[in-house]
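Enquirer: Pasted the sequence and its predicted model underneath.
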Amino acid sequence: MDFASLLGIISGLALIISAIFIGGNADVFVNVPGVMIVVGGTMAATLLTVQFKDVLNAFRAAYIVFTRDKTNSSEMIDTMIKLSRISHRHGLLKLGDVKTDSAVLRRACNLLSEAASEQVIRNTLQNEIDSLMARHFSVQEVFRKMAAYAPAFGMLGTLIGLIQMLSELDNPEAIGPAMAVALLTTFYGSLLATMVFLPIAGKLKARTLMEVTNLEIIREGCISILTNDHYAHVYEQLSAYLPEAARKPITGGDKAKDVK
Amino acid sequence: MDFASLLGIISGLALIISAIFIGGNADVFVNVPGVMIVVGGTMAATLLTVQFKDVLNAFRAAYIVFTRDKTNSSEMIDTMIKLSRISHRHGLLKLGDVKTDSAVLRRACNLLSEAASEQVIRNTLQNEIDSLMARHFSVQEVFRKMAAYAPAFGMLGTLIGLIQMLSELDNPEAIGPAMAVALLTTFYGSLLATMVFLPIAGKLKARTLMEVTNLEIIREGCISILTNDHYAHVYEQLSAYLPEAARKPITGGDKAKDVK
Amino acid sequence: MDFASLLGIISGLALIISAIFIGGNADVFVNVPGVMIVVGGTMAATLLTVQFKDVLNAFRAAYIVFTRDKTNSSEMIDTMIKLSRISHRHGLLKLGDVKTDSAVLRRACNLLSEAASEQVIRNTLQNEIDSLMARHFSVQEVFRKMAAYAPAFGMLGTLIGLIQMLSELDNPEAIGPAMAVALLTTFYGSLLATMVFLPIAGKLKARTLMEVTNLEIIREGCISILTNDHYAHVYEQLSAYLPEAARKPITGGDKAKDVK
Amino acid sequence: MDFASLLGIISGLALIISAIFIGGNADVFVNVPGVMIVVGGTMAATLLTVQFKDVLNAFRAAYIVFTRDKTNSSEMIDTMIKLSRISHRHGLLKLGDVKTDSAVLRRACNLLSEAASEQVIRNTLQNEIDSLMARHFSVQEVFRKMAAYAPAFGMLGTLIGLIQMLSELDNPEAIGPAMAVALLTTFYGSLLATMVFLPIAGKLKARTLMEVTNLEIIREGCISILTNDHYAHVYEQLSAYLPEAARKPITGGDKAKDVK
Amino acid sequence: MDFASLLGIISGLALIISAIFIGGNADVFVNVPGVMIVVGGTMAATLLTVQFKDVLNAFRAAYIVFTRDKTNSSEMIDTMIKLSRISHRHGLLKLGDVKTDSAVLRRACNLLSEAASEQVIRNTLQNEIDSLMARHFSVQEVFRKMAAYAPAFGMLGTLIGLIQMLSELDNPEAIGPAMAVALLTTFYGSLLATMVFLPIAGKLKARTLMEVTNLEIIREGCISILTNDHYAHVYEQLSAYLPEAARKPITGGDKAKDVK
């Protein structure tokens, strides 16, 4: 469960709703045709713009934002160090028996146990990274497109309202409320883009960067295991992916004891 | 037939039209000179901006958006695995007899059957990919330019209307309707950009990315066939282009039976 | 003569002018101080921003947009195939006598006849491509800067008009016409950017891309001639630069007869 | 203590506050619900958009902007020259005993003293640079996102105020003050983005570029020490990182005396 | 003295000032607090955003825009050809005695006279180019930041004025002049960005590109001198940096006579 996402969406909606209630009558802000123009128009333009399978993937990804929290970099480094110890004690062949949730890590272990060359391991894992980035990018793109279409349909709705109001400008009393209704679609469009589509696109991108870092740790770790089997060197190589504050001293500690 | 594109354009137009009819008199929204300024101006500026042949290609491409649905990645991977089996059983030479709709795949098969080097195959197919991306990019660029010009001419039309209205500001009664007419071109321009030009540009880009992935699968598959003829390895190489969920187990299943 | 550019500029101006005349009094749209602020200010800021020689080159380039129509890719491929036949029959040395309008092609032929290495030919022509792109880019940049400055000076003119109108807001009758005059500079600035500067920058960029493709065909063709002198292989290499529909069958046809 | 940052924030706030007091009643500018919408909404959307640990790192980084001033490039070059003298007199092994605050420099010294190859040193330090840029980039991204969300929530607040004001447009007297309150959130959002979030993001980026330059000096210096141990050559290599005015003459001066 | 910059700034200011005087009372446009908000706020935010030394360098660079006019590409090519003749007649060693204003050219000559390898010369000069681009980029960035902050503070000033005007909307007579004063800061901010900051940033970028081209000519020229000492070949290599119209015939002319 991603606590930050949940806190963000709840506090954001609470703020907007309380701001509306503090200001007075809240029922002015409910306008079904306006919601339909903005939400429906955004969906229609998105269907026209992207592949249908990317739309489906996008909704699945939106669910992920709130529920799954990925393994972080330092855990992945610990995993690679465990692998380097296994390889150190029992040989590369033993890595073929390693059980792991990550399909990429399992594949990397298979390559190591088959004694693949550094070039093959590097190409295979780089290919996985590039293709993962391309796949995730097209999902994020769906939300970025939605974040662009929502305010555009909000403006189209406001223009429709304004043109109708101005063309029958007989009693000045009605101008205010008609303008309020016209502005509502702009409000809906901006709210959707700012509170929903842009944050989801941003969070998915952050997740992708974290996954890519993990895959890079696997790549560099495997090559380090292949060429230089002492775990301290592996750690030294991989610690570049950590901020300086999070790096542990290379020698000593209970990890060093494990090896003795 | 691309169902998503069709659904998108129909539902989008239905939403906008119903929003106009709900609001009252719909005939305010028909203004022939306004349509001429926006559509004609966008066409004129586009003709000035891009090569004439790209404009023709753009209209042909817009038709493609609604009708053609390309081979997807997993079918292309299956095709490459079939080729790897043919090569495995009958030798690379047999690949020269393969029949296929894709000109690039046929050419790749010819190169394989002529025993071209990995370097030649990689260069030839990379050249095809780069040149396909460049050609498709200039077609997408036509729609992106149109999506930029349409709102600009909408604003120019509104400015012309506003300036004329303001310069003869004698009876305040006429301000409203004149302003409504002036705003119409902004509405037309935004609608064209949001519902037509941007979605077509986006869909064409998505199609191009899919075609490029297919060409990359052909490239990597051919190299894998050339150097390492077992179909399981070919599949393992190419499965990087699939999301993890869509990857089939490497051994076993009815495919494995086929080979026995 | 570039028909599309001419058609674009004429139809675009006709549309704008007719839109002005349909709306009523057209003389409101003529305002000499406004034209001076927008055109003069744009020129002044452009002189400050770019090198003087680039401004001169930019005006020369604007003339080119309407008059010169470059050799297209398929003609350049035909030229390279002719060269490959000459080289095939008479040897590389004969290429030194080839007459051509293109300075780069002549230089490439000289390099071939001097039996330069593939590396030297590739570097020399890549250098020409990079340097041509850099030179043309700085010319296009002049028009892109103008397209950014014109609306900015339009807005400055409108601000000047608005501030003066608001500071002497004594009779409400004069507001309308004064506002109309103030809006005129915004209209001029947007019109210049949308109908003149952006299209010229776009067309010059399209021309540059076409020239670069031609230079790439020369580069790849020369290397193909150097290493592999049969014209069918040369055509196969270069056909990657053509869309699939424009590719001719590799063998047979009257070209094949020519060789027999 | 970063004097420029401090001067900037104090003078900027003083200017804005004095501008408010000169204009008259300053208490119009205090509106607690408005502050809550803009600040709270920006925080909520940021929590939704980025990883929680990046938000924490961002606040730590904001503190750094005012307090830490990094070693500059010419001091780092002097350090590398000292190291080259130590290596020249006592051998590469002696570099393992060097004491320094910079973890990366210490690691580079260890690699030198272990007689690592040029390739290993280059890869290790390039990896550090890439990973430092990626880590710092995601922190700067937090402030760039905040700088985008703050005006967006300012506009949402203004839209809420406008819609409520327009929907109950009964007494024209109240329009002015209500509009003033509605505009306040736009003011808050723009002020936060312009005076707080954008400057912090910019300063952090400038700091990162400076740190990267330092790491590049370490990388090039170490390779220069490894291959070419005279300090004058090391200085000549590294002086490319200094502006021409800051470069000292290569030979002579008290540094040259030190060696004799 | 850069004539174009001088002409640009003078004609631009003359246009704006005459536009103000033609419109009527010019003293409305003088507002000291408004100038303070825009100029002071821009300076404050810039100090917060960039390193202090970059601000100092930026002011020095702004002076350069009006005074220094750099050696152009064709002069630099002539210089390289002179060097190639010296090397041809007297040997590479003689290049060590060449006197020149350019520190980079002197260093390149030293490297040639020390018979450095092509790799060393290429790396050293590429390093100079990259580092010069990075240094100049951070100076241009100062003006680009100012060009972004000036309109932002202009808008903040206008918002302050609008909010104060609207909150005490008692006599409608005062609305016009108060609005005029509020709009002044927007005018100042746009004027500063459009006439001062953006042009300076653009000119500095154009200067940097010219310097980089010169350094590239030095790099390619030195390598050409090192490997291929006839001046005609050197010219042929370097002429790629000139537009086709500016290229002189390779053989013949008074230069050819010089050698005989």
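Expert: Great, that's in hand.
Enquirer: give the contact list for A:Leu6.
Expert: A:Phe66 (CB atoms under 8 Å, 6 or more residues apart in numbering or on different chains). The way it works is simple: take the backbone N, C-alpha and C, and place the C-beta from them, glycine included.
Enquirer: where in the stretch 101-250 of chain A is pLDDT low?
Expert: Scanning the stretch 101-250 of chain A for pLDDT under 70 picks out the ranges A:169-172, A:228-229, A:249-250.
Enquirer: Do I have it right that A:Leu125 meets A:Glu220?
Expert: No. Using CB atoms under 8 Å as the test, A:Leu125 is too far from A:Glu220 to be in contact (9.2 Å).
Enquirer: Could you check which residue of the stretch 1-150 of chain A lies nearest chain C?
Expert: Nearest residue of the stretch 1-150 of chain A to chain C (CB to the nearest CB) works out as A:Ala148 at 20.8 Å.
Enquirer: tell me the SS of A:Ile121?
Expert: Remark: A:Ile121 carries the secondary structure label helix [criterion: DSSP: H, G, I helix; E, B strand; the rest coil].
Enquirer: Distance of it relative to A:Leu112?
Expert: Here A:Ile121 is placed at a distance of 7 Å from A:Leu112 (CB to CB, to the nearest Å).
Enquirer: Mutual contacts of those two, please.
Expert: Where contact means CB under 8 Å, 6+ apart, the residues bridging A:Ile121 and A:Leu112 through contact with each are A:222, A:226.
Enquirer: OK, contacts around A:Ala115?
Expert: Here A:Ala115 is in contact with A:Leu92 (criterion: CB under 8 Å, 6+ apart).
Enquirer: how near is it to A:Ile225?
Expert: When distances are taken as CB to CB, A:Ala115 and A:Ile225 turn out to be 12 Å apart.
Enquirer: overlap in contacts of those two?
Expert: What both A:Ala115 and A:Ile225 touch, as defined by CB under 8 Å, 6+ apart, is the set A:Leu92.
Enquirer: relative to helix B:118-167, how tilted is the helix or strand hosting the residue of the stretch 1-150 of chain A closest to chain C?
Expert: If you go by DSSP states H and E, A:Ala148 is part of helix A:118-167. Put simply, helix A:118-167 runs at 20 degrees to helix B:118-167, going by axes from the mean of the first three to the mean of the last three CA atoms, to 10 degrees.
Enquirer: do helix A:118-167 and chain D meet at all?
Expert: No. Using CB under 8 Å from any CB of the partner chain, we find that helix A:118-167 stays clear of chain D, coming within 9.6 Å at best.
Enquirer: what residues does the helix or strand that that helix is followed by touch?
Expert: Under the assignment DSSP H and E, the closest C-terminal helix or strand after helix A:118-167 is helix A:175-192. Applying CB under 8 Å, 6+ apart, the contact partners of helix A:175-192 are A:16, A:28-29, A:31, A:34-35, A:37-39, A:42, A:146-147, A:150-158, A:160-162, A:164-165, A:169, D:152, D:155-156, D:159-160, D:162-169.
Enquirer: A:Ala150 and A:Gly40 touch, don't they?
Expert: No. Between A:Ala150 and A:Gly40 there is no contact, the gap being 11.1 Å when judged by CB under 8 Å.
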